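Asker: Fold the following and give me the result.
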Amino acid sequence: MPTLFPPFSWRQAGQLVALLLMGAAYWGLAYATPRPQFGQLLGLFAVAGAAYAWLLHTRLPLRWGLGAALAFRLLWLPATPALSDDFYRFRWDGLLVSHGHNPFAETPRQLLATPPVDAATLPLPTLRRLLPQLNSPAYFSVYPPVCQALYGAAAGAYPTSQTGFLVVVRLALLLADAGAAALLLWLLPLAGWPARRALAYLLHPLVIVETIGNVHMEGVVVCFLLLTGALLVRRRTRLAAGALALAVATKLLPLLALPLLARHLGWQRLWWFLGVLAAGLGALFLPFLSWDLLLHIGLSLDLYFQRFEFNASVFYLLRAAGQWLVGYDLVGTLGPLLGLGAAGGTLWLARRAGRPALAALPHWLLLTLSGYFALATVVHPWYLVPLVALSCFSPLRYARVWAGLAVLSYAAYRTTAYAESGPLLVLEYGVVLIWAAAEYYLGRGPGLRPSARRQVRNARAK
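Answerer: I've put the predicted structure just below:
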């Protein structure tokens with residue numbers, strides 16, 4: 001006589017326990033872990049990371065993984081981010097946009113010190129309460145138009161409620177993750193990979209914590225990048241350019257994909273692509289377009305490359321060498337030079353890729369972005385979210401390891417002095433370097449070693 005319920009295996013029981021542990025870890029991170037409590041933060045991340053690795057190793061059923069990915073994200077919905085204070089600036093910009101004021105026109109301190117002519121229409125009492133919470137009140141906004149549109153909509157819906165603002169932003173991020181999930185499930189089999197590889201992105205602890213938890217917009221970038229790929233698959237080149245424009249208008253980083261896309265598309269299709277991309281970006285930036293916008297974004301980028309430094313790798317080694325040789329911090333010189341080095345590396349990889357097939361583009365873009373972040377002066381953990389998504393299309397897994405270890409950078413927030421830990425930086429980048437070198441030695445990934453093709457076939461069979 002058949003049983004009503006199929007037998008429950010030990011593997012499934014272990015997977016269920018791992019999912020429950022992940023849920024408990026996320027609840028602790030969302031509601032019971034202040035950022036200075038690094039030991040607790042690290043412990044909960046370690047639990048979530050170990051459960052994640054176990055679930056992928058034991059091949060969690062796709063339907064379980066998709067349900068868990070949704071449940072884990074919904075768990076954060078009403079939480080106030082405790083691990084990042086960037087959301088205060090998001091709300092500040094949103095309040096300005098929702099009241100018709102250009103968020104790029106002045107810094108927060110300038111706005112309150114010398115109120116603009118439309119000050120009577122602005123919620124100045126709310127802005128004054130927000131000012132002490134901002135981590136960069138003396139800097140101009142760096143968030144492109146797609147971000148500003150979302151922040152403006154959320155602040156317009158809930159002008160006096162911080163929780164309401166966060167819920168609206170998180171619902172938008174949840175929609176972007178749903179789009180990314182659907183696109184991954186469609187694109188991965190077309191590229192020769194199993195659909196369950198989507199769980200490597202959707203369940204990664206850093207992805208969940210930094211996007212839906214800390215409301216960073218990298219998840220939206222991933223959705224638009226995948227949409228660009230899907231439209232290229234359908235040979236809808238102009239629509240693909242529009243999707244990439246949306247990605248760039250969320251974060252500027254996807255511009256690094258252009259050399260690879262140029263090699264793939266060929267000159268005839270490339271001109272149409274670039275024309276639509278430029279037109280799309282012009283339309284998206286048009287509501288904010290002014291000389292102040294260009295000047296202030298330029299100043300912000302200049303500061304980024306010449307003053308800011310956090311969780312870097314190659315830059316810190318060069319900085320230490322420079323301090324030993326000349327006795328002072330060379331960030332003002334090294335930052336621009338490393339930026340030029342990253343640009344050169346991007347062009348070199350595009351040339352090395354030849355004219356890559358569409359299925360190989362994510363792999364080469366993974367290498368391109370990895371090279372950029374290896375030379376960057378600032379590598380916040382959420383910057384690595386797109387790398388995790390791209391790794392779903394590559395046999396290389398170092399990006400998932402790097403994203404897992406990036407949580408060690410939160411040690412800098414144990415005190416208000418924001419002092420980074422040298423040993424933890426060595427641990428983070430040492431493990432990533434060893435892992436990446438091992439993968440290179442094994443020949444994983446097209447374009448790395450002559451044995452790559454066999455290794456790719458083996459990885460896809462897993």
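Asker: contacting residues around the closest residue to residue 310 other than its chain neighbours?
Answerer: Distances taken as Cβ to Cβ, 6 or more residues apart in numbering place residue 378 nearest to residue 310, at 4.8 Å, with adjacent residues excluded. (Glycine included, C-beta is placed from N, CA and C.) Neighbour list for residue 378: 304, 308, 309, 310, 311, 312 [criterion: Cβ atoms under 8 Å, 6 or more residues apart in numbering].
Asker: quick one: the fifth one from residue 405, how far?
Answerer: This points to residue 311. Counting by Cβ to Cβ, to the nearest Å, the separation of residue 311 from residue 405 is 10 Å.
Asker: Three-state assignment for residue 342, please.
Answerer: Assigned state for residue 342: helix (three-state reduction, DSSP: H, G, I helix; E, B strand; the rest coil).
Asker: Tell me which stretches of the stretch 151-300 of the chain form helices.
Answerer: 162-190, 198-202, 205-207, 218-233, 237-248, 258-285, 291-306 (DSSP state H, counting those that start in this stretch).
Asker: and residue 90, which of those is closest to it?
Answerer: Among those, helix 162-190 comes nearest to residue 90, with 7.0 Å by Cβ to Cβ.
Asker: and that closest one with helix 218-233, angle?
Answerer: For helix 162-190 against helix 218-233, the angle by axes from the mean of the first three to the mean of the last three Cα atoms, to 10 degrees is 30 degrees.
Asker: Now do helix 162-190: which elements does it pack against?
Answerer: Helix 162-190 sits against helix 62-75, helix 86-98, helix 145-157, helix 198-202, helix 218-233, with contacts defined as 3 or more Cβ pairs under 8 Å, 6 or more residues apart in numbering; DSSP states H and E.
Asker: Just want the angle from it to helix 62-75.
Answerer: 160 degrees.
Asker: What residues of helix 162-190 count as buried?
Answerer: Across helix 162-190, burial judged by 16 or more other Cβ atoms under 10 Å covers 162, 165-170, 172-174, 176-181, 183-185, 187-188.
Asker: Likewise for stretch 227-235?
Answerer: Neighbour counts over stretch 227-235 (16+ other Cβ under 10 Å) mark 227, 228, 229, 230, 231, 232 as buried.
Asker: Pull up the gap between the residue lying closest to the third one once chain neighbours are set aside and residue 261, please.
Answerer: So the one you mean is residue 229. What sits nearest to residue 229 in space, not counting adjacent residues and going by Cβ to Cβ, 6+ apart, is residue 187, at 6.1 Å. Using Cβ to Cβ, one gets 16 Å for the distance from residue 187 to residue 261.
Asker: How about residue 350?
Answerer: Relative to residue 261, residue 350 is positioned 9 Å away (Cβ to Cβ).
Asker: same check, this time on residue 91
Answerer: Counting by Cβ to Cβ, the separation of residue 91 from residue 261 is 35 Å.
Asker: any low-confidence regions in the stretch 1-150 of the chain?
Answerer: Across the stretch 1-150 of the chain, the ranges flagged by pLDDT under 70 are 1-8.
Asker: again, 80 this time
Answerer: 1-8, 118 (pLDDT under 80).
Asker: show me where it has helices.
Answerer: Counting by DSSP H, counting those that start in this stretch, residue ranges of the helices within the stretch 1-150 of the chain are 10-31, 38-57, 62-75, 86-98, 108-113, 124-130, 145-157.
Asker: Same list, these, but as CSV with mean neighbour count and distance to residue 388 please.
Answerer: What follows is the helices of the stretch 1-150 of the chain, written out as CSV (neighbours: other Cβ atoms under 10 Å; distance: least, Cβ to Cβ, whole Å):
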stretch, mean neighbour count, distance to residue 388
helix 10-31, 17, 16
helix 38-57, 19, 11
helix 62-75, 17, 13
helix 86-98, 23, 19
helix 108-113, 16, 32
helix 124-130, 14, 32
helix 145-157, 22, 20
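Asker: Need the per-residue pLDDT for residue 305.
Answerer: Turning to residue 305, the model gives it a pLDDT of 60.
Asker: ok so, going back, please produce JSON lines containing the contacts of residue 378, extended by neighbour count and secondary structure.
Answerer: Formatted as JSON lines, the contacts of residue 378 follow (neighbours: other Cβ atoms under 10 Å; DSSP: H, G, I helix; E, B strand; the rest coil):
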{"residue": "304", "neighbour count": "17", "secondary structure": "helix"}
{"residue": "308", "neighbour count": "16", "secondary structure": "coil"}
{"residue": "309", "neighbour count": "19", "secondary structure": "coil"}
{"residue": "310", "neighbour count": "14", "secondary structure": "strand"}
{"residue": "311", "neighbour count": "25", "secondary structure": "coil"}
{"residue": "312", "neighbour count": "26", "secondary structure": "coil"}
